[in-house]
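The amino acid sequence is not available; the structure is as follows:
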């Protein structure tokens with residue numbers, strides 16, 4: 001156990017350094033939703049009930065989903081550098097390798113969502129009525145789901161171009177269908193029936209329920225997202241453990 005933790009810590013430290021040296025994507029996915037909250041707040045206040053909550057949580061969910069690229073790139077870069085096979089040749093297991101990659105990126109996701117939540121409260125006028133721990137659970141769970149999905153994508157795509165396309169298009173589709181831009185209640189009936197199949201729907205539902213203080217709905221959505229995370233994470237481990245992450249497939 002001590003050897004395993006030391007290997008994970010070494011990998012996490014190395015990957016944290018890589019993230020610190022390339023802060024561009026993080027800053028982009030942080031500043032753009034801030035500007036969007038300011039610009040769209042007057043429209044949402046006039047268009048939908050609870051407009052402040054909708055604009056703050058909707059843009060948070062959308063741009064945190066767009067940050068899937070940061071998650072996937074942390075693993076895909078190793079494949080591009082032809083160092084993934086070298087890592088697999090060490091004593092570190094696939095789970096240890098993924099944890100070493102995941103911990104720094106998870107910290108980035110938590111930091112992004114925490115800053116946007118505080119910005120929504122301080123600058124946009126979001127007024128959470130629930131307990132602080134509910135928001136903490138919602139942010140932590142949404143980060144875990146994004147982390148697992150991003151790791152699964154990194155085990156499938158063959159280039160950074162594919163990763164960009166899948167993350168950008170997929171994140172916009174999943175979060176838009178989930179109600180990030182327009183409340184699901186305003187969708188056509190057929191689209192309302194499709195919305196619950198989107199992880200973005202449950203991410204937004206969980207965050208908005210946490211803001212309202214709805215413990216039951218928050219924890220229910222969190223349980224569903226953790227099930228998605230478990231499935232995606234298991235797939236990533238299975239695929240990478242069998243050599244599908246090797247650079248020769250690029």
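Perfect, I can see it now. Bear in mind the structure is a predicted one, so any value in this text is a computation, not a measurement.

Residue 52 against residue 126, yeah?
Yes: taking Cβ atoms under 8 Å as the definition, residue 52 is a contact partner of residue 126 at 5.6 Å. Yep, even glycine has a C-beta here, placed from its N, CA and C like the rest.

ok, the two, which is more surrounded?
More neighbours surround residue 126 than the other of residue 52 and residue 126, with 20 against 17 (other Cβ atoms under 10 Å).

Using the three-state scheme, assign the more buried one.
coil (DSSP: H, G, I helix; E, B strand; the rest coil).

Residues in contact with both of residue 52 and residue 126, list them for me.
Common contacts of residue 52 and residue 126 (Cβ atoms under 8 Å, 6 or more residues apart in numbering): residue 120.

low-scoring pLDDT stretches of the protein, where are they?
Applying pLDDT under 70 to the chain flags the ranges 79-82, 84-85, 243-250.

who touches stretch 105-116?
If you take Cβ under 8 Å, 6+ apart as the criterion, stretch 105-116 is touched by 15-16, 19, 26, 29-30, 33-34, 56, 59-60, 63-64, 67, 70-71, 74, 139-140, 142-144, 146-147, 150.

and that stretch, which residues are buried?
Of all the residues in stretch 105-116, those buried under the rule 16 or more other Cβ atoms under 10 Å are 105, 106, 108, 109, 110, 112, 113, 116.

can you tell me how far the last one sits from residue 202?
When Cβ to Cβ, to the nearest Å is applied, the distance between residue 116 and residue 202 equals 18 Å.

cool, and the fifth one?
Using Cβ to Cβ, one gets 18 Å for the distance from residue 110 to residue 202.

for residue 13, same thing?
Between residue 13 and residue 202 the distance is 33 Å, computed by Cβ to Cβ.

Over to residue 93?
Residue 93 is 30 Å from residue 202, where distance means Cβ to Cβ.

Residue 155 contacts residue 239, correct?
Yes: counting by Cβ under 8 Å, residue 155 touches residue 239, with 4.2 Å between them.

can you tell me how far the residue positioned nearest the centre of the chain sits from residue 115?
The residue lying closest to the centre of the chain (Cα atoms, centre = their mean) is residue 146, at 3.1 Å. Plainly put, residue 146 is 16 Å away from residue 115 if you go by Cβ to Cβ.

coming back round to it: give the helix, strand or coil label for the residue nearest to the centre of the chain.
helix.

same question, residue 119
Quick answer, by three-state DSSP: residue 119 is helix.

ok, it - contacts?
Here residue 119 is in contact with 34, 37 (Cβ under 8 Å, 6+ apart).
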